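In: The sequence and its predicted three-dimensional model are supplied below.
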Amino acid sequence: MNTNSTKPRWLKIDWKERFRKTPYLLGIVIVILLMILLGIRNPKYLRFMSLSVKLKSWMPLLFAAFGQTFVILTGGIDLSQGTMIALVNVIVVQLVMYFEGSVQGIIIAVSAGILVGTAAGIINGLLLTRLRLQALITTYATGVIWKGLALAVMGEPGGKVPMSFYHFFSGKFLYIPVAVYLLGFSILLYFFLLKRGIITELKAVGGSTMAAFESGVNVNSKKVMAYGICGFFTALATLAIIGETISGSPLAGAGYELEAISSAAIGGASLSGGFGSPIGSLFGGVITRLINDIIFFYGIDVKYQQLMQGVIIILALSFGSLLAKSLSRRDK
Amino acid sequence: MVPLLELRGVTKRFGGVQALSQGDFVLNKGEIHFLVGANGCGKSTLSKIIVCALEKDSGEIFYKGKALNLSSPAEARRAGIAVVFQELSLIPDLTVQENMFLGSKNQGMLGFVDSKSQKKMCEKALARFKAVLSKDICPETPVTRLSTDERQIIEILKVLIREPEVLILDEATSSLHTTQVEILFNIVRELRDEGCSIILISHKMKELFEIGDRATIIRNGETVATVDLKSATHDEIVTHMVGEELSSSKNEEREISENVLLDVRNLSAHGLKDINFTLNRGEILGLSGLQGQGQSELLLTLFGNSSDFRGEVVLDNKSLGLKSPGHCVRDGLSYISGDRKKYGVFQIRSILENTALAYIRKKRVHLFSRKKLKISVLPILERLSLVYDSLDQSISNLSGGNQQKVIIGRWLMTEPKILLMDDPTKGVDIKTKEELYTLMKELCDAGVSILWNSSEDQEILKNTDRVLVLNEGRIVDELRGDRLSEYELYKAAMA
Amino acid sequence: MNLNINIFSKFKNPTVIAAGIAVLLLIIGEMSAPGFASFPQIINMLTVASFLGIVAAGQNLVVLSGQGGIDLSVGKVVTLGAILGGAIANGMDSGIIVAFAAVIMATFFVGILNGIGVTLIGIPPLIMTLSMGIVVESISRFITGGLAVKGATPFMLKVVTGRFLGIPGIVYIWIIFAVIFILFQNNSRYGLSLYTMGSNSEAARLSGLNVKWIRILSYGLSSMLAGLAGFLYLGYLGSIYNISLGNKYNLSSVVAVVVGGVSLAGGKGGYLGVAVGCILLQFLESFLTVQSIPSWGREIIMGITLLVLLTAYARETKLRQ
């Protein structure tokens, strides 16, 4: 403590403290590093056009990771996210086809999709809180149910969505890609919740449920809310997927839950709850996708791609958690 | 006059245990009211029922003359009843400010958080304890960075900031040191003079007479008496508590061999500087001083829990590596903490498993029969006069004192040369405490040495042969013989 | 009075509940589709359950070790065990010992890596083991090169599928394994250490346990048991065509463990319950298949049944008592 006063000014900046306050700082740094790596290999990659096309294809994962983080903050997990995407996917596509692709029909289908996603999330939350079940296994069970429901709505992949859907997602508004607006909207919603003090309460629930309860936080309603928000963003992720594939599939979204969870972890969220930020998970998602591109652009043999992917994720996680360890160590 | 708060015939049962059988309690406006009793007598249960953290089984609660029917601590707080729990209720990863305002209604525009005014209130609250908090604590400091006593203070401030009419402090002083307690008591007095009523739960008799107006004594889940502290005596309260008069034992001088068992030379580690002392065979050596001056760190370092220590520790002419608790156990050391929940007890597991673990590990037993294990555990538990139904019963069903006995049993089974104990009587009832003191003397007569720390000064002065006084990680004095007095202790500790 | 409490607590015992439901399924199954509860049919179901049984034993250890311990790489490791064993043995009995040793060592090593990532580096178990799954799968793919592995030796086929008293060898193997494993959990130092540290890791460390090493070992054993199950599975199938062969074991081993009464928080629940849980899961699956319910209906019923089972006994304590 006493030695501090003799240090030059720049040394006094407490980097540990900085990282602690903005958990996604490291994510930003890694994204920039990866971008540079890609830029060296393929300068075209960094053009605005190609990045915005990329961003659009990343949207499903980004939404999924963003939503999943709210649940992770409360110390929970939503393994049903993947099949929830499938359920919303087939419902939206069936409705669009039922209304024969009319504009009103699309609006109805999209709203129904968002409603179903949010409702599915809330059902998860209610099951967990009312019946006091464990998140991991319960959302696995509801995930099985969503899959069954999705198969009931649409037995096998098929259906077609009008191209207007595709054009909406890949379109631009005032020179800026629609995807950016959607991201911006998500981030705004996050800040709205932050300013309402809700994010703090979610973190409190994840940090120590008992302490949050004794402090007067309505733990159960916060959990339900987190799962509901997750469902909402999962529905958005589904719409983004439909915007890419313009068709329906009861198998859509397989594996998304795991990618979303690892994106959140890479983005600095603690899987035991209480620490992290949905914005960090966006960076986590981008990192996950950039790694794939690096493997691709550096011409690594397809045989090694998957292996590399796994190894890089493990290394990234190792680095992240070693850093987190040194952050949480006390200075005294 | 209608009392502010009144409990009539409140009961509470946890599974098979009747935690509270008859709770009657009257709190007047503007008084400091103590709840006292042996541990596990139902004090905490009673206070948790008042703030609605626990549901009562039967009975009635009246608040300001009306029946009180609330369903959560949050509702109770809105009604003006707030509690500072003995288990900390802070969230480590949130900042001081976030913690302080957690669960309170947002007062800003349209329900948004007004973080500026919160920060001001937070700074104002911190300023009250400024003298006893580290300098760098501000509203943005995450709670993980704070020490235990600082956390306790934040906990108290968190409740005070909501300006309650009834304030309950459940063992809030147990982790604070003297100067911090003084400031807290000044605030408590101020609050009383402003008309707030305070319920204090404490094991420390001194505090009772220092600031208390009245005290209600609980014994075995029953409120047995309420006394006026201006006229009551120490003995009277203790009599109510235990139901029988305790003979005050005097510190009798024991013959200690001059045979050095443990020799600590120039030991430095995290929070410790240049520690030198010897521990003789069969000696009880106490560690004292203000709280948090390195006592706990010294014990943990000797138990191999510190990665960066320097210096030499010699046991029986053999230099110890202190690599890990596992190594130290094999070398004949053992460690008992007062924080049983965190460092001692295996909650869901049986008494047998809780007792046998260290023994099995030390003896390098790879396979065992449970029947034979029970037979080898029995004599130890009998010696500790543990009260239990069966060895397969979960340890969670035992009271705090009995749990501590099981943990002591765990170590006695390994036939240790040295017992390291960090505040072992924390939250233990008076009867068990007395049993523990007797046990310590018996063990030392049998050749075991004890090095221990206690947050209760009288306890350590009474039950040791020598006391080392620590200050900021250094040994500043050694008390023995006639110098074993509170006066000498404070003189050395405060210097 | 005392008797009542005892009976009541027996009914609350997860193993008893799971066994009860399993029997109930047999009865209803027999009524709606005669032959469902016939001896050969039950043996068939047990045969399929035994592989899950061995995988779930490893999962049991990891979950018991506490601190969110879970091994979601077991599915891929089962595949690796089968493929590696098959590739080395290559259908010849002479290579079986080498193949077996290679499988056990390789999968144990994978598990140790999991354990190191979790305990020494501090990666959350869920993520660590999932990522390891990706790596393991790509290794499996290397070995096969996209072709089928033909590799069960005659001896393996005989041991796993050969029948004695009408019961295939694998069921005997499972029974013997279960007995040894239960003894191992209850009467070994490792078992006791695992239970206590699952209950309170810090206290276990301060009781002298090398908590990190025990946790690493649990992951190692879990992976090794998955590899063993894969090796036996090869003996059951004869050859491997499918790289996603073991995937189903990933979450079903966790489900079996939970259904068997093991607390995901660690420190509670033994293998007897887990074994019953595996049997129950298999009965349920067969039951739903026999009822000629469309696949979507089966999924929904499976999910709801799981929720009901969880509600029956895997509930957490109330915040406000």
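Out: Structure received.
In: give me the number of residues near the closest residue to chain A within the stretch 201-350 of chain B?
Out: Residue nearest to chain A within the stretch 201-350 of chain B (C-beta to the nearest C-beta): residue B:271, separated by 8.1 Å. (C-beta placed from N, C-alpha, C; glycine too.) When neighbours are counted by other C-beta atoms under 10 Å in any protein chain shown, residue B:271 registers 19.
In: Could you pull up phi and psi at it?
Out: phi 80, psi 0 (degrees, to the nearest 10).
In: Quickly note the distance from residue C:271 to chain B.
Out: Remark: distance between residue C:271 and chain B (C-beta to the nearest C-beta, to the nearest Å) = 16 Å.
In: I'd guessed that residue sits against residue C:185; true?
Out: Yes - proximity of residue C:271 to residue C:185 meets the contact threshold set by C-beta atoms under 8 Å, at 5.8 Å.
In: How about the contacts made by the residue of the stretch 201-350 of chain B closest to chain A?
Out: B:294, B:297, B:473 (C-beta atoms under 8 Å, 6 or more residues apart in numbering or on different chains).
In: my read: the last one touches residue B:297, true?
Out: Yes - under the criterion of C-beta under 8 Å, residue B:473 makes contact with residue B:297 at 7.3 Å.
In: So which of the two has more stuff around it?
Out: Ranked by neighbour count (other C-beta under 10 Å), residue B:473 and residue B:297 place residue B:297 first, with 21 against 18.
In: Buried residues in stretch C:248-255, which are they?
Out: Residues C:249, C:250, C:251, C:252, C:253, C:254, C:255 are the ones in stretch C:248-255 that count as buried (16 or more other C-beta atoms under 10 Å in any protein chain shown).
In: Also near chain A: which of the residues you listed, exactly?
Out: C:251, C:254, C:255 (C-beta under 8 Å from any C-beta of the partner chain).
In: returning to that earlier point: want to throw the buried residues of stretch C:248-255 into CSV with distance to chain B, secondary structure and pLDDT?
Out: Listed next are the buried residues of stretch C:248-255 as CSV, based on distance: C-beta to the nearest C-beta, whole Å; DSSP: H, G, I helix; E, B strand; the rest coil; pLDDT from 0 to 100:
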residue, distance to chain B, secondary structure, pLDDT
C:249, 28, helix, 90
C:250, 27, helix, 83
C:251, 25, helix, 79
C:252, 26, helix, 86
C:253, 22, helix, 91
C:254, 20, helix, 88
C:255, 22, helix, 86
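In: Please identify the helix or strand for the closest residue to residue A:291 other than its chain neighbours.
Out: Residue nearest to residue A:291 in three dimensions, not counting chain neighbours: residue A:312, with 5.2 Å by C-beta to C-beta, 6 or more residues apart in numbering or on different chains. In the assignment (DSSP states H and E), residue A:312 maps to helix A:302-328.
In: how about low-confidence regions in the chain?
Out: With no chain named, the answer covers chain A. Along chain A, segments meeting pLDDT under 70 span A:1-21, A:23, A:324-332.
In: Chain B, not that one
Out: Along chain B, segments meeting pLDDT under 70 span B:1, B:15-17, B:38-40, B:86-88, B:106-110, B:203-204, B:242-253, B:291, B:494-495.
In: Can you give me the domain boundaries for it?
Out: Residue ranges for the domains of chain B, per automatic domain parsing: B:5-242, B:260-493.
In: what's the closest of these to residue A:162?
Out: Using C-beta to C-beta as the measure, domain B:5-242 is the one of the domains of chain B that comes nearest residue A:162, at 40.2 Å.
In: just the helices in the stretch 1-150 of chain C please.
Out: Ranges of helices within the stretch 1-150 of chain C are C:2-12, C:14-32, C:39-64, C:74-89, C:96-116, C:125-144, based on DSSP state H, counting those that start in this stretch.
In: between the fifth one and helix C:39-64, what angle do the directions make?
Out: Meaning helix C:96-116. Comparing the axes of helix C:96-116 and helix C:39-64 via axes from the mean of the first three to the mean of the last three C-alpha atoms, to 10 degrees yields an angle of 40 degrees.
In: Many thanks, I have nothing further to ask.
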